[in-house]
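S.K.: here are the coordinates; sequence isn't available:
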């Protein structure tokens, strides 16, 4: 009698474990299909465009190694897996952080630094979203398009700075600007 009860318990345990394995296999298959769909969406949306930049601006940024390395890394598309996109996002994040180093003096201005800061934020957001458990593929694709917009904005701002630099100064404008400089003012110290 004891053996019959033992056999019944073993049969029930075996039956339940088989159902659990089937459920686990089904869940794993659904998860794999979901990851494949996410990978396909990210791969389809991971298209960074190369915005145009004027020849004069290009000459000024020729020695800005960090921008060249970032652009090169940006336009290389990973192909194999989500892991490849995660590595690419991590590398892009490192290269974006380096953009603040060695900015050419002509472009070392607040308007360029602000655009670089926004670009860094967008790249870090991609890095964050690609490395979480449930990857929001639509957010990643949206951020890719935002980065394209920010790169175009950065290049347009560089072109604008070059264009403004080429405008000739009027007679006396340099003296007037010098007079407005508060650092040049006479110090207000009482005479002993």
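M.R.: Arrived safely. Everything quoted here is computed from the prediction, not taken from an experiment.

S.K.: Can you give me the buried ones in stretch 116-135?
M.R.: 116, 118-120, 122-127, 129-130, 135 (16 or more other Cβ atoms under 10 Å). Bear in mind the C-beta positions are built from the backbone N, C-alpha and C, glycine included.

S.K.: For these, give me CSV that also has secondary structure.
M.R.: Output for the buried residues of stretch 116-135, formatted as CSV (DSSP: H, G, I helix; E, B strand; the rest coil):
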residue, secondary structure
116, helix
118, helix
119, helix
120, helix
122, helix
123, helix
124, helix
125, helix
126, helix
127, helix
129, helix
130, helix
135, coil
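
S.K.: Looking at the residues you listed, which is nearest residue 4?
M.R.: For these, the closest approach to residue 4 (Cβ to Cβ) belongs to residue 135, at 51.9 Å.

S.K.: Not counting its neighbours along the chain, what's nearest that closest one?
M.R.: Leaving aside its sequence neighbours, residue 135 sits nearest to residue 38 (Cβ to Cβ, 6 or more residues apart in numbering; 5.2 Å).

S.K.: Would you mind naming the helix or strand containing the one you found?
M.R.: Secondary structure from DSSP states H and E places residue 38 in helix 2-45.

S.K.: Kindly report the same for residue 178.
M.R.: Here residue 178 is assigned to helix 173-180, by DSSP H and E.

S.K.: what's the spacing between that helix and its chain's center?
M.R.: 41 Å (Cα atoms, centre = their mean, to the nearest Å).

S.K.: quick check: mean pLDDT across it?
M.R.: In this model, helix 173-180 has a mean pLDDT of 76.

S.K.: pLDDT weak spots in the protein?
M.R.: Confidence mapping of the chain against pLDDT under 70 gives the ranges 1-3, 6-23, 183-192.

S.K.: The same query, at a cut-off of 80, please.
M.R.: For the chain, the stretches with pLDDT under 80 are 1-32, 168-192.

S.K.: what's the spacing between the residue most central in space within it and residue 175?
M.R.: Centroid-nearest residue in the chain: residue 123, 1.2 Å away (criterion: Cα atoms, centre = their mean). Using Cβ to Cβ, to the nearest Å, we find residue 123 at a distance of 44 Å from residue 175.

S.K.: what do you get for residue 108?
M.R.: For residue 108, the distance to residue 175 - Cβ to Cβ - is 25 Å.

S.K.: now swap in residue 116 and tell me
M.R.: Applying Cβ to Cβ, the value for residue 116 to residue 175 is 34 Å.
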